[in-house]
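K.L.:
Just to be clear, the model below is a prediction. Sequence and coordinates:
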Amino acid sequence: MASRGNMAQALGTDGSDFTHRQRVAGQYQISAMNKSRLRYCIFFHYLLFFVMLTKLSADILDRLDIFILEIEELQIPQPLWWEYIWCSSLLLSFLGLSAVKANNIKTLERYIIGIIILGFGPLFYAIIYYISDVWNYLWFGKNDKVYMWQGWHYGLLWYVFIVVAIQVHSFSLVFSYKLLTAWKSRGSRKTD
């Protein structure tokens, strides 16, 4: 190799004086890190969507007049409207991914507003809808007022889903907000 031994170094330096020029600006580091994190959150949103789609499969197949005995034997409860509205929040993931790809502030702002409305809105409705059932189960145990499905408390199953979904949406909002601040700070420094 040509750089070994034959090249003369400047006196008084060990050759590492260039490292100060190799730094990446803070907003770009924050942007890269939060882009990756937001993609992970969107991936978990997809996983939650497929869990919800599994629950909705019986109703979807009934609407299409498709009869599968194994699914019918599960006696899956009829879905509520909030489940379908929450499923529509998956479409927002395409906004989020395109905003991350293009560093587009307006698209990311639309993604944030959509997650608040279509992600959190139905989940908060579900919390209110199942609170009395969960309260009865936690305080009084298994009784006639509590709806059970396959030996599991139905309201608590929904609460597990809701807690995970709220975490995924909350982290998505946090990472999106950090991306917005990083992108806006980059734009303000360009104009200065």
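P.N.:
Perfect, I can see it now.
K.L.:
Residue 54 looks like it's in a strand, true?
P.N.:
No: counting by DSSP: H, G, I helix; E, B strand; the rest coil, residue 54 is not found in a strand; it is helix.
K.L.:
pLDDT score for it?
P.N.:
Looking at residue 54, its pLDDT is 88.
K.L.:
count of neighbours near it?
P.N.:
Residues lying near residue 54 (other CB atoms under 10 Å) number 11. For glycine as for every other residue, the C-beta is placed from the backbone atoms N, C-alpha and C.
K.L.:
and what of residue 134?
P.N.:
Residues near residue 134, counting by other CB under 10 Å: 17.
K.L.:
how about it, secondary structure?
P.N.:
With three-state DSSP as the basis, residue 134 sits in helix.
K.L.:
For the closest residue to it other than its chain neighbours, grab the count of nearby residues.
P.N.:
Excluding its sequence neighbours, the residue lying closest to residue 134 (CB to CB, 6 or more residues apart in numbering) is residue 155, at 4.3 Å. By other CB under 10 Å, the residues close to residue 155 number 22.
K.L.:
same question, residue 93
P.N.:
Residue 93, neighbours per other CB under 10 Å, totals 21.
K.L.:
so it sits right up against residue 48, yeah?
P.N.:
No: at 10.9 Å, residue 93 does not count as touching residue 48 under the criterion of CB atoms under 8 Å.
K.L.:
Now do the helices in the protein.
P.N.:
26-63, 69-73, 81-88, 92-102, 105-114, 121-140, 154-191 (DSSP state H).
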